[in-house]
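> Predicted model and sequence below, questions to follow.
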Amino acid sequence: MVGKVSEHTSWSAAYFGRIVQKALAAHGHDPELCQTITGFGEAGAALVSDPLVDKIIFTGSPAIGKKVMETASHHLKPVILELGGKDAMVIMDDCKIKEVVPWILRGCYQNCGQNCVGIERVLIYESIHDELVATLKERVEQLRQGIPLETCGSTADVDCGSMVMDAQCDLIQALVDDAVKKGAKILVGGKRAAQVGNFYEPTIVVGVTAEMRLFQEETFGPVMTIIKVPDDSDKECLKMVNATSFGLGSCVYTGNQARGLALGRQIRSGMLTINDFGSNYLVQALPFGGVKESGFGRFAGIEGLRALCLERSILLDAIPGVKTSIPPPLDYPIDRTKGLPFASSLIQLFYNESLLGKIKGILGLIKFG
């Protein structure tokens, strides 16, 4: 297995690579089985086009995912694409505000919003919208931003760090500015932080609608995008959730699990949690992946393991005394008195839904074989 990491994460790649090698060695495997390489787009393109690489799993943006798929298609090489997301968190009108606030904050600001299943849209039902937003505003204004490595080995003094990718602050600003221009309102943040580097303030934007870029495009940063949902309108809520080209994860918070599940089953996403966030990734027995422009294929779980295997069909005589030569194979030139009855008996064996019909098919094969 060869992992090509983003050029923005070369330092941490070496750290995690050592963990993988030690884990392999601890279980008696060759630690060199897994290799990590760094580089720019040319390094990734070389791997995708190399004939010794049997399969590609790509995690990244839809734009680069399309390039990976195009290059792989020249070699008929299979790919799994785990691309961007615009994950929605639905807060229904029967939720208790105190209980959902921590989940919203974590979903939007964990890793400073740089999380493929991070919450990019928070849909709040109208009857609890104003009170919940006021509570969120108060909490977000208290968030501390800085460099964790400068806190004497403790991350307790930092809630949000910086952007990893150089241009991300510019993209976030463009999305926020577009939303404000079209009628949205900034409650907290909305601009670069005072620190030197790629820091963007923890932000809350309310009044976001579907025609805004902030509703449609992946932010991948510390921006809480809030959409108001009319009460008693699960149908309208579902329409809003599905109104993007992405479909990675989703979550629904509600006091009525059956109601939440009924809504969640209709969300077009690869993953769904009810009254929880991010646990899909923690449960490694479950497949992970999305639909629409969030990609296709799965990793993790049985499905992910099988996706990395070459599936083959192998048949052997398993019952002593029973061989494939019984009944004798249909031989050429075909005896016209036996050919059609044999084929008819074969169809009966394969497709007759009754046990009696299948037995008649077997008897016909023996008779006309």
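Done, it's in.

> Which residues does stretch 62-79 contact?
Contacts of stretch 62-79 with the rest of the structure, by CB atoms under 8 Å, 6 or more residues apart in numbering, involve 41, 44-45, 48-49, 51, 53-58, 60, 81, 83-84, 293-295, 297. No exception for glycine: its C-beta is placed from N, CA and C like everyone else's.

> Tell me which of these fall in helices.
The members of the contacts of stretch 62-79 that map onto helices under DSSP state H are 41, 44-45, 48-49.

> I'd like these written out as CSV, with neighbour count and pLDDT added.
What follows is the ones in helices among the contacts of stretch 62-79, written out as CSV (neighbours: other CB atoms under 10 Å; pLDDT from 0 to 100):
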residue, neighbour count, pLDDT
G41, 11, 90
G44, 22, 93
A45, 15, 93
V48, 21, 94
S49, 13, 93
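
> Regarding V90, what is its secondary structure?
strand (DSSP: H, G, I helix; E, B strand; the rest coil).

> For it, name its beta-bridge partners.
Taking DSSP bridges, one finds L123, V252 as the beta-bridge partners of V90.

> doesn't C251 make contact with it?
Yes: shown here, V90 and C251 form a contact pair, counting by CB atoms under 8 Å, at 7.2 Å.

> mind listing what S162 touches?
By CB under 8 Å, 6+ apart, the contact list for S162 reads 112, 147, 195, 197-200.

> what's the helix or strand for it?
Counting by DSSP states H and E, S162 is held by no secondary-structure element, helix or strand.

> What are the phi and psi values at it?
phi -120, psi 180 (degrees, to the nearest 10).

> E311 too?
Summarising the backbone geometry of E311 under the convention degrees, to the nearest 10, its torsions are phi -80, psi 130.

> And for T225?
In this entry, T225 is assigned phi and psi values of phi -100, psi 120 (degrees, to the nearest 10).

> Then the one 4 residues further on?
When quoted as degrees, to the nearest 10, the phi and psi of V229 stand at phi -110, psi 130.

> on that earlier part again, could I have the PyMOL command that selects the buried members from the contacts of stretch 62-79?
Typed into PyMOL, the line below selects the buried ones among those, using 16 or more other CB atoms under 10 Å:
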select buried, resi 44+48+56+57+58+60+81+83+84+293+294+295+297
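
> quick check: domain ranges of this structure?
2-83, 88-282, 316-369 (automatic domain parsing).

> okay, the ones you listed in CSV with distance to F288 next?
Compiled in CSV, the domains of the chain are given as follows (distance: least, CB to CB, whole Å):
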stretch, distance to F288
domain 2-83, 7
domain 88-282, 6
domain 316-369, 35
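
> which stretch among the ones you listed comes nearest R306?
Taking CB to CB as the criterion, domain 2-83 is the member of the domains of the chain that comes nearest to R306, at 11.6 Å.

> Inside strands: which ones of the contacts of S162?
Per DSSP state E, strands hold no members of these.

> quick one: which of the residues you listed is nearest T273?
Here the nearest of the contacts of S162 to T273, counting by CB to CB, is C112; it sits at 21.6 Å.

> residues contacting the closest one?
With contact set as CB under 8 Å, 6+ apart, C112 has these partners: 160-163, 200, 221-222.

> can you name the two of those residues that are farthest apart?
G161 and G221 (11.2 Å).

> For the stretch 101-250 of the chain, which segments count as helices?
Using DSSP state H, counting those that start in this stretch, the helices of the stretch 101-250 of the chain run over 126-140, 168-181, 213-216, 234-241.

> I'd like to know which of these lies nearest to K22.
Distances from K22 to each of those were compared using CB to CB; the minimum, 32.1 Å, belongs to helix 168-181.

> Can you name the residues in contact with that closest one?
The contact list for helix 168-181, computed with CB under 8 Å, 6+ apart, reads 163, 186, 190-192, 198-200, 203, 205, 208, 212-215, 217, 219-221, 223, 225.

> Relative to the whole chain's centre, how far out is it?
For helix 168-181, the separation from the chain centroid amounts to 25 Å (computed by CA atoms, centre = their mean, to the nearest Å).

> can you check stretch 211-223 too?
Averaging C-alpha positions (CA atoms, centre = their mean) puts stretch 211-223 17 Å from its chain's average.

> What's the end-to-end length of it?
Stretch 211-223 has an end-to-end distance of 17 Å (criterion: CA to CA, to the nearest Å).

> now stretch 208-228
Taking CA to CA as the measure, stretch 208-228 stretches 8 Å from start to finish.

> Tell me the buried residues in that stretch?
Those buried within stretch 208-228 under the rule 16+ other CB under 10 Å are 208, 212-228.

> ditto for stretch 4-14
By neighbour count, and taking 16+ other CB under 10 Å as the criterion, the buried residues in stretch 4-14 are 4-6, 13.

> Endpoints of it, how far apart?
Across stretch 4-14, the straight-line distance between its terminal residues is 11 Å, by CA to CA.

> Would you mind pulling the contact partners of that stretch?
3, 36-40, 43-44, 47, 60, 164-166.

> residue contacts, I57?
Going by CB under 8 Å, 6+ apart, I57 touches 79-80, 82, 297, 299.

> how does it look with 6 Å?
Taking CB atoms under 6 Å, 6 or more residues apart in numbering, we find I57 in contact with I80.

> hey, what's it bridged with?
In this structure, I57 bridges to I80 when assessed by DSSP bridges.

> And the pLDDT for it?
At I57, the pLDDT value in this model is 94.

> Can you give me the distance of it to S73?
Counting by CB to CB, to the nearest Å, the gap between I57 and S73 amounts to 16 Å.

> Please identify the most buried of the domains of the chain.
domain 88-282 (a mean of 18; mean count of other CB atoms under 10 Å).

> and that domain, how far from the chain's centre?
The chain centroid and the centroid of domain 88-282 are separated by 17 Å, computed with CA atoms, centre = their mean.
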